[in-house]
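[1] Test case, fold it:
(one chain, ligands or ions: 2)
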Amino acid sequence: MDKTEVKVMKNILSANDKIAEELRNDLTSKGIAFINLMSSPGSGKTTLMERTARELGNKICVIEGDIQTTLDAERIGKAGIQAYQINTGAFGGDCHLESAWIRSAIDEMDLTGIKTLFVENIGNLVCPAEFDVGAHTNAVVLSVTEGEDKPLKYPLAFQTSSLCIISKIDLLPYLDINMEDIKENIKKVNPKMKVIELSAKTGAGFEEWINFLK
Ligand SMILES: Nc1nc2c(ncn2[C@@H]2O[C@H](COP(=O)(O)OP(=O)(O)O)[C@@H](O)[C@H]2O)c(=O)[nH]1
Ligand SMILES: [Mg+2]
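    Ligands and ions are numbered 1, 2, ... in the order given. Below is the predicted model:
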């Protein structure tokens, strides 16, 4: 990478950070908590949002990030709450979301009565962790089917998050995976991480999640 490229990248990140900080302050002043969900594709983010929507109703809303399709926003809409879909495929297929895009989405949404805004970031454990989207809390979702080693292999997503949701715990009896090893690896890369274990299918562990949100 030559010096010019380094300069451009720094400028992009500082512009993103500035908008992110303004957005965070704006939402704080409106009394809205903003949680950014990051994970691999298929870890259960949308299912988590669907069940959370059924529990908390229209006090929450969700911005969905995917490269293509409005499938997730349609699922969230069917769960009875406001959803907004960002497709990065329309502008190059980026593998992350940026604060300016969240700002534009929020400007088109009705935040009346909203207590928590969620962003379901693009599914991967790499790029989303590099961009501050203006959230108060970054949360990484890790399903038990992904293996114990993922926090060690993709540390940044875990180091930029303060909450790790270990999802799909209903599947544990069918898997050769050790929950204690998953948690130990999470603590190795982020000793301060809060961990919530849950199943959005059975509702196990959901009380702790809902209490955390409240
Ligand atoms: N057994 C089980 N399956 C789940 C759970 N949560 C999600 N799934 C399934 O995992 C697949 C991917 O879920 P989805 O919410 O679309 O993941 P996303 O890509 O992270 O949004 C779907 O087939 C879900 O039904 C769970 O808690 N338990
Ligand atoms: Mg999804």
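[2] Run through the neighbouring helices and strands of the helix or strand that contains V8.
    With elements taken from DSSP states H and E, the one containing V8 is helix 3-29. Packing partners of helix 3-29 (3 or more Cβ pairs under 8 Å, 6 or more residues apart in numbering; DSSP states H and E): strand 33-39, helix 99-108. Every C-beta, even on glycine, is put in place using the N, C-alpha and C of the backbone.
[3] and this protein, which residues reach ligand 1?
    39, 41-47, 123, 167-168, 170-171, 199-201 (Cβ under 6 Å from any ligand atom).
[4] how about a cut-off of 8 Å?
    Selection of the chain residues close to ligand 1 by Cβ under 8 Å from any ligand atom yields 39-50, 72, 75, 120, 123, 141, 143, 167-171, 198-202.
[5] What secondary structure category should be reported for the residue lying closest to D72 once chain neighbours are set aside?
    Among residues not flanking D72 along the chain, E64 sits closest, at 4.2 Å (Cβ to Cβ, 6 or more residues apart in numbering). Under DSSP: H, G, I helix; E, B strand; the rest coil, the three-state class of E64 is strand.
[6] Count the neighbours of E64 for me.
    Neighbour count of E64, defined by other Cβ atoms under 10 Å: 28.
[7] okay, it: pLDDT?
    Here the pLDDT value assigned to E64 is 98.
[8] distance of it from ligand 2?
    As judged by Cβ to the ion, to the nearest Å, E64 and ligand 2 stand 7 Å apart.
[9] For that residue, list the residues it contacts.
    Taking Cβ atoms under 8 Å, 6 or more residues apart in numbering, we find E64 in contact with 46, 70, 72-73, 76, 83-86, 120.
[10] and what of L117?
    L117 neighbours (Cβ under 8 Å, 6+ apart): 27, 32-35, 60-63, 106, 111.
[11] that older thread, tell me which of the helices and strands packed on helix 3-29 sits most buried.
    strand 33-39 (a mean of 25; mean count of other Cβ atoms under 10 Å).
[12] what angle sits between the helix holding V8 and helix 99-108?
    Compare the direction of helix 3-29 with that of helix 99-108 by axes from the mean of the first three to the mean of the last three Cα atoms, to 10 degrees and you get 30 degrees.
[13] how about helix 3-29: buried residues?
    Using 16 or more other Cβ atoms under 10 Å as the test for burial, helix 3-29 gives 16, 19-20, 23-24, 27.
[14] Close to ligand 2: what parts of the chain are there?
    45-46, 72 (Cβ under 5 Å from the ion).
[15] Which parts of the chain are helices?
    3-29, 45-56, 71-78, 99-108, 150-153, 155-159, 179-189, 206-213 (DSSP state H).
[16] quick revisit: among the residues of the chain next to ligand 2, who's most crowded?
    Busiest of these [other Cβ under 10 Å] is K45, holding 28 neighbours.
[17] I appreciate the help and will end here.
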